[in-house]
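S.K.: Pasting a predicted model and its sequence here:
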Amino acid sequence: MASSSLSSIYSPSSSSSFKTEVKSIHKITSSQLGLISLPGKSRFHVRAVARELSTGGNNDVVLKKKENIGLEKDPKSLWKRYVDWLYQHKELGLYLDISRVGFSDEFLEEMEPRLQKAFKDMVELEKGAIANPDEGRMVGHYWLRSPHLAPNSFLRLQIENTLESVCQFANDVVSGKIKTPSGSLFTQILSVGIGGSALGPQFVAEALAPDNPPLKIRFIDNTDPAGIDHQIAQLGPELASTLVIVISKSGGTPETRNGLLEVQKAFREAGLEFAKQGVAITQENSLLDNTARIEGWLARFPMFDWVGGRTSELSAVGLLPAALQGINIREMLTGAALMDEANRITVVRDNPAALLALCWYWATDGVGSKDMVVLPYKDSLLLFSRYLQQLVMESLGKEFDLDGNRVNQGISVYGNKGSTDQHAYIQQLREGVHNFFATFIEVLRDRPPGHDWELEPGVTCGDYLFGMLQGTRSALYANDRESITVTVQEVTPRSVGALVALYERAVGIYASLVNINAYHQPGVEAGKKAAGEVLALQKRVLAVLNEASCKEPVEPLTLDEIAERCHCEEDIEMIYKIIAHMAANDRALIAEGSCGSPRSVKVYLGECNVDELYA
Ligand SMILES: O=P(O)(O)OC[C@H]1O[C@H](O)[C@H](O)[C@@H](O)[C@@H]1O
């Protein structure tokens, strides 16, 4: 089967040596493979053939696509394609237009059984199968908006009770039943969390918070001291009326822990009692949960084992901050539940998530060969692409498939908003390297009713935005750049909930199509582990410097001497970087030389700690 599709592209004589050539390359890595060109073969062909060899022919559909390249340009046929494929969800007021993606009927036919398999996988997942085999976990974010689907009544009650307590707590804070220690209303939220414990709440705050929310929200989502100082400085005296929500599923993420420690220090310095203003959202019995319980924080809400960080927006993680900003969270849940229902339909053209996944597969050749550029034409949806970046890339960016083959899957996501980006990088999208497909997010309602006016005869400000979107879509297509358009009537809690659910499911379906586990993130651990090793090395460097700096007279050390005394000569570059970082922060003195010429550097500490020598 594999060779028949190949032979239609390559002559039989050249095909076998080409295959061998590609196969030997593929042994290096797939990502390197994408960068290598073979004489007379495009990069796509190299990748596709290699993929076919490594997937036993599963990529035939992709190869066939390339046989009849070229997008439909005839206006009448294009209009027919538009009408034939336009998906509409009436109740949600949501449309999906995939007419500007050039998939063929043959492709659809070949994908059908794979999509049916993906639907079955989703059914199993919703029933509570271990959908994350590596971590032995169920994946249940769909139950959050339809608790009756939870596989047992214990989980159902957990979801319902948590939702109830989130609503209750938010009402009590907003109404003033729960007050600050000084008896005033809470006016600010400081959310401390990172990754899935920040991106959803940030997206939703930007999209839906009213102009004058009952509580305004700020975020600490990094371990950047200057960033943290900035947030705290911006709060100023309002720190006294700030509700600090610390969000971490694991309860042990270093950046979040550091943010918490920094905020607690600010509270101490302001003479405030943190526990009375602190709220934790985390898994039961995590480090954060235990800290919050022992210190008697104002409230704790659970994160469930079976909800991943990047799909946690509709758990307490996203719902509590949203409710405190006056956003109707039940409407968000309704939007997501309606979208989930639509995505359970097993007729592909009636299932919006399947249509998206199908288009992603087509556009990226099922191997991530093109990037997803997300362009919402609405300022309030600015953070959607950032939110999707984690959802898509952390879910799909995997080295191995479920059978253990090295596949290096993924789809890169980026984008900010239109028409702003038109004045930044659309030039390259239209005319430059063809390595992307676009997703336009269109919002039909420009302004609340009664506020519009014509800034020139017959034309409003919103008409310009509309024109920019349509113009860009057409201009890209005219140059063979494919695009998807998702249209919503308005940015409301319901449509935002629906968008979240749409993309969550599209990612799940796509993961099934390419046979990967979308629900773990083993690659993230490598960076975390390496960061831990750097900090451990820094402690050794400090101990060595301390000993030399306690001598009389002080003994400045070269980098080689430090490395030797740390017994890690192979880490000298990292030691140099540690010294340069400490010197820039006034924690080490350079006696001779400068950081610009590492070999000349001699270092000692400004203060020696004799106690530490004997510790
Ligand atoms: O919520 P937390 O446990 O603090 O995790 C925050 C983030 O950390 C990690 O690095 C994971 O890759 C993300 O998926 C997660 O959202």
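M.R.: All right, it came through fine. Quick caveat, the model's predicted, so the values are computed rather than measured. Numbers count the residues shown, from 1 in each chain.

S.K.: going forward, measure contacts and count neighbours with C-alpha atoms only.
M.R.: OK.

S.K.: What parts of this protein come near the ligand?
M.R.: 194-197, 248-251, 253, 309-310, 521, 524 (C-alpha under 6 Å from any ligand atom).

S.K.: Please list only the buried members of these.
M.R.: 194, 196-197, 248-251, 253, 309-310, 521 (16 or more other C-alpha atoms under 10 Å).

S.K.: biggest separation within these, which pair?
M.R.: Spatial extent of these (C-alpha to C-alpha) is set by the pair G251 and Q521 at 16.7 Å.

S.K.: Output the buried ones among the residues of the chain next to the ligand as JSON lines; include the columns secondary structure.
M.R.: Listed next are those as JSON lines, based on DSSP: H, G, I helix; E, B strand; the rest coil:
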{"residue": "I194", "secondary structure": "coil"}
{"residue": "G196", "secondary structure": "helix"}
{"residue": "S197", "secondary structure": "helix"}
{"residue": "S248", "secondary structure": "strand"}
{"residue": "K249", "secondary structure": "coil"}
{"residue": "S250", "secondary structure": "coil"}
{"residue": "G251", "secondary structure": "coil"}
{"residue": "T253", "secondary structure": "coil"}
{"residue": "G309", "secondary structure": "helix"}
{"residue": "R310", "secondary structure": "helix"}
{"residue": "Q521", "secondary structure": "coil"}
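
S.K.: Closest to A506 out of those residues?
M.R.: Out of those, the member with the shortest distance to A506 (by C-alpha to C-alpha) is R310, at 13.7 Å.

S.K.: Nearest the middle, which residue of this structure would you pick?
M.R.: Q390 (1.1 Å; C-alpha atoms, centre = their mean).

S.K.: Just say helix, strand or coil for that residue.
M.R.: helix.

S.K.: Summarise which helices and strands the helix or strand encompassing V541 is packed against.
M.R.: In this assignment (DSSP states H and E), V541 forms part of helix 522-549. Where contact means 3 or more C-alpha pairs under 8 Å, 6 or more residues apart in numbering; DSSP states H and E, helix 522-549 is packed against helix 559-565, helix 572-584, strand 602-604, helix 610-613.

S.K.: from those, which stretch is densest packed?
M.R.: strand 602-604 (a mean of 23; mean count of other C-alpha atoms under 10 Å).

S.K.: List the contacts of the closest residue to I572 other than its chain neighbours.
M.R.: Setting aside the residues directly before and after it, I572 is nearest to A563 in space (C-alpha to C-alpha, 6 or more residues apart in numbering), at 5.8 Å. Neighbouring residues of A563 by C-alpha atoms under 8 Å, 6 or more residues apart in numbering: 541, 569-572, 575.

S.K.: Is it possible to get a markdown table of these that adds distance to E612 and pLDDT?
M.R.: Below are the contacts of A563 laid out as a markdown table (distance: C-alpha to C-alpha, whole Å; pLDDT from 0 to 100):
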| residue | distance to E612 | pLDDT |
| --- | --- | --- |
| V541 | 13 | 97 |
| E569 | 23 | 96 |
| E570 | 26 | 97 |
| D571 | 23 | 97 |
| I572 | 24 | 97 |
| I575 | 20 | 97 |
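
S.K.: tell me the angle of the helix holding V541 relative to helix 572-584?
M.R.: 70 degrees (axes from the mean of the first three to the mean of the last three C-alpha atoms, to 10 degrees).

S.K.: What is the distance between helix 522-549 and the centre of its chain?
M.R.: Chain-centre distance of helix 522-549: 28 Å, with C-alpha atoms, centre = their mean, to the nearest Å.

S.K.: Buried residues, it. List them.
M.R.: So for helix 522-549, counting by 16+ other C-alpha under 10 Å, buried means 534, 537-538, 540-549.

S.K.: How much space separates the closest residue to R540 other than its chain neighbours from A543?
M.R.: Nearest residue to R540, sequence neighbours excluded (C-alpha to C-alpha, 6+ apart): C566, at 6.2 Å. To A543, C566 is 9 Å away according to C-alpha to C-alpha, to the nearest Å.
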